[in-house]
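Colleague: Next one to model:
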Amino acid sequence: MIAEIVSVGTELLMGQVANTDAQYIASYLAPLGYQAFHQVTVGDNPERLTEAVHTALSRADIVLFTGGLGPTDDDLTKETVAKALGLELELNPREEAHLREHAARYGFTLTPNNFKQACFPKDCIILANPNGSAPGCIMESGGKAAILMPGPPRELYPMFRNEVIPYLERRGGFKLHSRELHIFGLGESELTYRIRDIISAQTNPTIAPYVKPCEVTLRITAKCADEAEGERLVQPMIDAITDRVGAVVYSTHGESLPDVCVRLLLEQGKTLAVAESCTGGLVASSIVDVPGCSACFTEGAVTYSNDAKMRRLGVSEKTLSSFGAVSAECAAEMAQGLLLQAKSDYALATTGIAGPDGGTAQKPVGLVYIALACASGTEVHELRLSGGRERIRTRATLHALDLLRRALSGLPTTEKAAKPAGSSGATNA
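Modeller: Okay, here's the model as predicted:
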């Protein structure tokens, strides 16, 4: 079965907005059994949009449209597609009521043009949009299907997952069952090289790698009759991959690194405090993003200046004058000091040079020290990170969380640990 994606919006053609919607949808089509030969981007112009609609419907069984479902005059997708399929739009009472409820909830006044968002062909499938005011819909005619979705990713992604994928599965005659392996500490090229034989032998399930900032995701997807069969198919491949690459796989169920850390802390009844310099609160923020963290996260301190490190954490003036704020010794004292003050089970500390300025030949931009302190001792890791300021801070945050994850899981560390004077428990990877 052939599918085509039509992205609607002049802002896409102008380069003002990146077309992440098409990329997102396209990544699902092949695993769902659909072939895609064309992707089209068209502006908010009625003549050109009409041409794009007719062309797409002439060469594809299913056409997925994104954008153009809003209330303004240049939101033309629904009207244009309906006309191409010979369908009439009419006000849907249920969707009108939802629109009025949405307006009341968020305190905006409805104008006559808003109600076009509640107009649909009589027998179409309406796709709920709990994250916005524009529902999507599926129009069917003459064996063809047009799937219309809003453009904003925060509205489209949930709608596609929750409403469109089940429709595509039903139309394709099978279900998909996916698991995501999240990996930190191994780049995509090395990862795929290590499992190249597994990738080469794939049939069902399939492996799809995705690169996130500083991480790699492997989506394992099986075509199946039901969830139970899907799980039976994907689990042996997951086992084979984790056996091959080891502890760099931090989740086999799609959890984020902060999710895993909070879950492990809660399962073990342990608490965490965080002292940050170069990451400036990113470590604490990532933990606080996880629901339920209040039961395990005690406090966070952003001690950017030397004075704050001494006053708040008890870092000694001698350490700062002898080794500097960016040193294994300073990181260790930051973690140890907070561990004592917060009375937590674990304390993480970060200090480094995020750039773009401040580096020297001895201490270049990207030099970061991460310390983890607990009752059994303190471990300090030296990192040499590349990239701009944001990337260095993000990578340092992930390294800190991964160090915590490994400690909680009883796993060896992967980075070379630097042992500061007077510390204990430091290990070498």
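
Colleague: just for the stretch 301-429 of the chain, where's the confidence low?
Modeller: 414-429 (pLDDT under 70).

Colleague: Break down it into its helices, ranges please.
Modeller: 306-313, 317-323, 328-342, 389-409 (DSSP state H, counting those that start in this stretch).

Colleague: winner for burial among those helices?
Modeller: The highest mean neighbour count among the helices of the stretch 301-429 of the chain, using mean count of other CB atoms under 10 Å, belongs to helix 328-342: a mean of 25. Where C-beta positions appear, they are placed from N, C-alpha and C, glycine not excepted.

Colleague: what helices or strands is that one leaning on?
Modeller: strand 272-276, strand 297-302, helix 306-313, helix 317-323, strand 346-352, strand 367-374, strand 377-384 (3 or more CB pairs under 8 Å, 6 or more residues apart in numbering; DSSP states H and E).

Colleague: roughly how far is that helix from the heart of the chain?
Modeller: 31 Å (CA atoms, centre = their mean, to the nearest Å).

Colleague: Can I get that helix as CSV, trimmed to CA atoms?
Modeller: Below are the C-alpha coordinates for helix 328-342, written out as CSV (Å, rounded to 0.1, in the frame of the first residue of the first chain):
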residue,chain,number,x,y,z
ALA,A,328,38.9,16.7,40.5
GLU,A,329,39.7,17.9,44.0
CYS,A,330,37.1,20.7,43.9
ALA,A,331,34.5,18.4,42.4
ALA,A,332,35.1,15.8,45.2
GLU,A,333,34.8,18.4,47.9
MET,A,334,31.6,19.8,46.4
ALA,A,335,30.0,16.4,46.5
GLN,A,336,31.3,15.5,49.9
GLY,A,337,30.2,18.8,51.4
LEU,A,338,26.7,18.6,50.0
LEU,A,339,26.4,15.0,51.1
LEU,A,340,27.1,16.1,54.7
GLN,A,341,24.9,19.1,54.6
ALA,A,342,21.9,17.5,52.8
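
Colleague: picking up where we left off before, what about the helices and strands packed on helix 328-342, which gets the closest to A240?
Modeller: strand 377-384 (29.8 Å; CB to CB).

Colleague: Packing partners of the closest one?
Modeller: Partner elements for strand 377-384 (3+ CB pairs under 8 Å, 6+ apart): helix 328-342, strand 367-374, helix 389-409.

Colleague: just checking, E379 touches L372?
Modeller: Yes - under the criterion of CB atoms under 8 Å, E379 makes contact with L372 at 5.2 Å.

Colleague: Need the residues touching each of the two.
Modeller: Residues touching both E379 and L372 by CB atoms under 8 Å, 6 or more residues apart in numbering: 403, 407.
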